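Enquirer: What follows is a predicted structure for the sequence shown.
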Amino acid sequence: MRILMIEDDADTAEIVCSEFRDHGYDIAHESDGREGLRRAMNDAWDVIIADRTLPGMEGLSIVKSLRASGNATPILVLSALGDVVDRVDGLQAGGDDYLPKPYAFVELLARVEALLRRGPRGSDILTRLEVADLKLDLVNRRAQRAGRDIDLTALEFRLLEYLMRHSGQTVSRRMLLEHVWDLHFDPKTNVVEVHLSRLRQAVDKGFDQPLIHTVRGEGYVVGPRQGGARGEPASA
């Protein structure tokens, strides 16, 4: 499970990140609000922990920006402001939980695990994914583009589902190995590249606008090509 912590107190972040790693979590840390938002938008996370008072960009502004962009990643807001009105502000901004400081790590861990069990907001009723004219029916395990059925293997379906759940975000090779293949090590093979190539053939062949792209040196992204965006068609 991948956690992003946006916290400007270096000592607190070091302790918390160390504790999460000891419990088997993959956690990254950013101390600046704007950089934290960039990381939150451009990568896939299972939970985001955001302090309310940050340099560069205030924590609730990060939450509002993520929700406005359609990002449904569970967010836990940390703050020294613990009054009822402050907690309400955090939840109304789009936060999923609000933990006042000071807090015990055991409570933070319990709240994060509760958010992980809950999953992305609305995920309990999500049955279809759509990116441009590409549609994925999660109940009937059916993929279509522009109304045309796409024949996928079970593995290719899982790969496309993961990419579409993180549409517009760069998904790294490591993330695909962990979440699609359930491998927590690099097998030093081209298994990801081979299956991405097959998936692109199935999804993009015959269409003027490719939807699966490679972001050189970073990973893959699914979505319409934006003007000036980095990346190239995922030919491998």
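Expert: Ah, there it is. Numbers count the residues shown, from 1 in each chain.
Enquirer: My reading is that Y98 is in a helix; is that accurate?
Expert: No. Assessed with DSSP: H, G, I helix; E, B strand; the rest coil, Y98 is strand; it does not lie in a helix.
Enquirer: Quick one: residues contacting it.
Expert: Applying CB atoms under 8 Å, 6 or more residues apart in numbering to Y98 gives the contacts 76-77, 79, 86-87, 90-91. Every C-beta, even on glycine, is put in place using the N, C-alpha and C of the backbone.
Enquirer: could you redo the last one with a cut-off of 6 Å?
Expert: The contact partners of Y98, taken as CB atoms under 6 Å, 6 or more residues apart in numbering, are 77, 87, 90.
Enquirer: Can you name the residues bridging to it?
Expert: For Y98, the beta-bridge partners are V77 (DSSP bridges).
Enquirer: Could I get the pLDDT score of it?
Expert: What the model reports for Y98 is a pLDDT of 91.
Enquirer: Kindly provide the distance from it to L60.
Expert: Counting by CB to CB, to the nearest Å, the gap from Y98 to L60 is 10 Å.
Enquirer: By mean pLDDT, which helix or strand of this structure comes out lowest?
Expert: When each helix and strand of the chain is scored by mean pLDDT, DSSP states H and E, strand 232-233 comes last, with a mean of 46.
Enquirer: Run a quick neighbour tally on K205.
Expert: 10 (other CB atoms under 10 Å).
Enquirer: So for it, what's the pLDDT?
Expert: Model confidence at K205, given as pLDDT, is 93.
Enquirer: same deal with E19?
Expert: Model confidence at E19, given as pLDDT, is 95.
Enquirer: Name all residues that make contact with it.
Expert: F105.
Enquirer: helix or strand for it, which one?
Expert: Using DSSP states H and E, E19 maps to helix 10-22.
Enquirer: Can you list the buried residues in that helix?
Expert: Using 16 or more other CB atoms under 10 Å as the test for burial, helix 10-22 gives 12-13, 16-17, 20.
Enquirer: does L183 sit in a helix, a strand or a coil?
Expert: Assignment for L183 (three-state DSSP): coil.
Enquirer: Compute the distance between it and D22, please.
Expert: Distance from L183 to D22, counting by CB to CB: 22 Å.
Enquirer: Secondary structure class of I27, three-state.
Expert: When the rule is three-state DSSP, I27 gets the label strand.
Enquirer: what's near enough to touch the residue nearest the centre of the chain?
Expert: The centroid of the chain falls nearest to A44 when counting by CA atoms, centre = their mean (2.3 Å). Neighbouring residues of A44 by CB under 6 Å, 6+ apart: 166, 169, 171, 175.
Enquirer: Just the closest of those residues to A202, please.
Expert: A202 has its nearest neighbour among these in V171, at 17.7 Å by CB to CB.
Enquirer: Check the closest one and give its pLDDT.
Expert: Per the predicted model, pLDDT is 90 at V171.
Enquirer: now do W181
Expert: 87.
Enquirer: Apart from its neighbours in sequence, what residue is nearest it?
Expert: V191 (7.2 Å; CB to CB, 6 or more residues apart in numbering).
Enquirer: Please tell me how far that neighbour sits from L4.
Expert: Distance from V191 to L4, by CB to CB: 27 Å.
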